[in-house]
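Asks: here is my input; please provide its structure:
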Amino acid sequence: MPVEVILPKVDMDMESGQISRWYAKDGDNVSKGQLLFEIETDKAAMEVDAPASGILRDVKAEEGATVPVGQAVAWIYAEGEAYGRVASSETKPEQAVAVDEAKPVPGQVGETLATTTPKSDNGVRATPLARRIAREAGIDLASLRGSGPKGRIQKKDVEANVSKPSTLPVTSAIHIADARLHSVWLREGKGSGRIPLVLIHGFGSDLNSWRPMLGAGQVDSPVLAIDLPGHGGSTRDVPDDLDAIAGLVEQTIIANHAGPVMLVGHSFGSAIAAMVAARTNVDVRALALIAPAGLGPEINGAFLSGFVRARTEASLVAWMKQLVQDDGLLTKSFVKATLAQSQDVALRDAQQITADRFFADGTQTFDIRPSLGTLAIPVRVIFGAADRVIPAAHAGRLPGEVAVHVFANTGHMPQLEQREKVIRILGEMIRSVA
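Replies: You can find the predicted model right below:
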């Protein structure tokens, strides 16, 4: 029998929830525990995992749809199980799942992003959904009057001010414009006063590539992930130099958070993170660079070219194997997500421009060492000893105050291959500057 995927109850008063995003589509193979969709209420945002492995079928609720608690939103069929469309999208009363209102549904509900009404850094009371809408609209919550209990700002309070100009504080060197990059808060954080982690992915990837790492351990800080130009949901226009990309990242960070942050970059994203830290327009308290570009001229040019050109699963997997030491980490969902990106011609064209501009003739044409030499903040560099894209030897001859971690039997993606250890390193860094 197919397994029902129901909309769970997040809090005591919840009667329905809005599906804000699906991470799988009808017909996809999913694994038990895989992130399936995200729901929002006026009090909380929550990620929901797949309750079983199999093929996702009969997705009944689209993104933006409001669904009653306990109603089935999809079904998961086992491999080889005969598929017959389910007649009704509603869970019958006798099939309804009883949910402990104080606990997540075992085996189904992922980490709650926020189940209370936390305060922002400046003491403003607001619901998680109100804060998300405010971030996306560039509205400073401190400028709003809340209509909820004890002055809490709610969704309707923010939506009533969406058309008003942003009052977000901006440093003199930055002017917030419509050029912000696509960004998502992957975690709202559990610790009060924790400064956020800002994650910047590498070449050919997107912000969703950080999710496996975040699932490997406790992350108490809020986590903001950003899509670089020519990647993910960001603009396909690629700036001419790293400074211009760094400026877009700065604008995006400031639009989401006005206080101090810790930057984490991977590969090409590490070079951007280092530039942002060195420019000092953002209050960067610590910097973690994973398999960073910009420490030497060598790079696997054949990988860059082959990855961008690959259009079939077979050709793409052949190049993806260059990223990791253990091929078993290239899960079906990972491969399918990357394959879907390869079908976006405009996306791959933008990435080809990025490769031609910053890795011309299979050479890294920029150097971040001078930027690292100016920093007076904690900096750690993390490499895999078996990296086949950027040599781990590039970690040599760094300033003495930069801590270097080199993991054996690890390739170009330590955040995937050594996720627990990388999470621990990042946790140590964030605690040291909190």
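Asks: use CA for all of it now, contacts and neighbours both
Replies: Fine.
Asks: ok now do the nearest residue to Ser267 once chain neighbours are set aside, which residues does it touch?
Replies: Nearest non-adjacent residue to Ser267, counting by Cα to Cα, 6 or more residues apart in numbering: Pro292, 4.2 Å away. Under the criterion of Cα atoms under 8 Å, 6 or more residues apart in numbering, the neighbours of Pro292 are Gly265, His266, Ser267, Phe268, Gly269, Ser270, Ala271, Val381, Ile382, Phe383, Ile390.
Asks: and the gap between the last one and Ile423?
Replies: It stands for Ile390. 22 Å (Cα to Cα, to the nearest Å).
Asks: with neighbour numbers in mind, choose between those two.
Replies: A direct count of neighbours by other Cα atoms under 10 Å for Ile390 and Ile423 places Ile390 higher, at 26 against 19.
Asks: quick check, the more buried one in a helix?
Replies: No - Ile390: not assigned to a helix; according to DSSP: H, G, I helix; E, B strand; the rest coil it is coil.
Asks: ok, now which ones touch the nearest residue to Glu313 once chain neighbours are set aside?
Replies: Distances taken as Cα to Cα, 6+ apart place Leu339 nearest to Glu313, at 6.4 Å, with adjacent residues excluded. Contacts for Leu339 were tallied using Cα under 8 Å, 6+ apart; they are Arg311, Thr312, Glu313, Leu316.
Asks: does Leu339 belong to a helix, a strand or coil?
Replies: Per three-state DSSP, Leu339 ends up helix.
Asks: what's the pLDDT at it?
Replies: What the model reports for Leu339 is a pLDDT of 90.
Asks: need the per-residue pLDDT for the residue nearest to Ser267.
Replies: Reading off the model, Pro292 has pLDDT 98.
Asks: secondary structure element for it, which one?
Replies: For Pro292, there is no host helix or strand (DSSP states H and E).
Asks: do you know how far it is from Gly151?
Replies: 45 Å.
Asks: next: Tyr83.
Replies: 51 Å.
Asks: one more: Gly70?
Replies: Distance from Gly70 to Gly151, by Cα to Cα: 31 Å.
Asks: okay, the two: which has more neighbours?
Replies: For Gly70 versus Gly151, the count of surrounding residues by other Cα under 10 Å is larger for Gly70: 22 against 13.
Asks: pull out the buried residues from the contacts of Leu339.
Replies: Arg311, Leu316 (16 or more other Cα atoms under 10 Å).
Asks: which among the contacts of Leu339 gets closest to Glu79?
Replies: Glu313 (20.5 Å; Cα to Cα).
Asks: isn't Gln351 up against Gly230?
Replies: Yes - if you go by Cα atoms under 8 Å, Gln351 and Gly230 touch, sitting 5.7 Å apart.
Asks: one step back: what is the nearest of the contacts of Leu339 to Asp367?
Replies: Nearest to Asp367 among the contacts of Leu339, with distances taken as Cα to Cα, is Leu316, at 29.1 Å.
Asks: ramachandran angles for the closest one?
Replies: Main-chain dihedrals, Leu316, degrees, to the nearest 10: phi -70, psi -50.
Asks: that one and Leu144, how far apart?
Replies: In terms of Cα to Cα, Leu316 sits 49 Å off from Leu144.
Asks: same check, this time on Leu289
Replies: Leu289 is 37 Å from Leu144, where distance means Cα to Cα.
Asks: when those two are compared, which one has more neighbours?
Replies: Taking other Cα under 10 Å, Leu289 and Leu144 do not tie; Leu289 has more neighbours (25 against 17).
Asks: contact partners of the one helix or strand the more buried one maps to?
Replies: Assigned by DSSP H and E, Leu289 belongs to strand 284-290. Residues outside strand 284-290 that contact it (Cα under 8 Å, 6+ apart): 260-267, 270, 273-274, 277, 377-383, 413-415, 426, 429-430, 433.
Asks: and it, how far out from the chain's middle?
Replies: 16 Å (Cα atoms, centre = their mean, to the nearest Å).
Asks: just the buried residues of that strand, please?
Replies: By neighbour count with 16+ other Cα under 10 Å, strand 284-290 contains the buried residues Val284, Arg285, Ala286, Leu287, Ala288, Leu289, Ile290.
Asks: list the strands paired with it, with their directions.
Replies: Strand 284-290 has the following sheet partners, assigned by DSSP bridges: strand 261-266 (parallel), strand 379-384 (parallel).
Asks: for Leu36, give its distance to Lys421.
Replies: 26 Å.
Asks: pick out whichever of those two has more residues nearby.
Replies: Comparing Leu36 with Lys421 by other Cα under 10 Å, the one with more neighbours is Leu36, at 23 against 16.
Asks: could you confirm the more buried one falls within a strand?
Replies: Yes - with three-state DSSP as the criterion, Leu36 is assigned to a strand.
Asks: now do it against Gly80, distance only.
Replies: Taken as Cα to Cα, the span from Leu36 to Gly80 is 21 Å.
Asks: per-residue pLDDT, Pro391?
Replies: Note for Pro391: predicted pLDDT of 97.
Asks: that older thread, just the buried members of the contacts of strand 284-290?
Replies: Taking 16+ other Cα under 10 Å as the criterion, what is buried in those is 260-267, 270, 273-274, 277, 378-383, 413-415, 426, 429-430.
Asks: may I see the domains of the protein written out as residue ranges?
Replies: 3-112, 117-168, 177-434 (automatic domain parsing).
Asks: how many other residues sit next to Ala52?
Replies: Ala52, neighbours per other Cα under 10 Å, totals 22.
Asks: quick check, pLDDT for the residue nearest to it when sequence neighbours are not counted.
Replies: Distances taken as Cα to Cα, 6+ apart put Lys32 closest to Ala52, at 4.3 Å, once the chain neighbours are dropped. On pLDDT, Lys32 comes in at 82.
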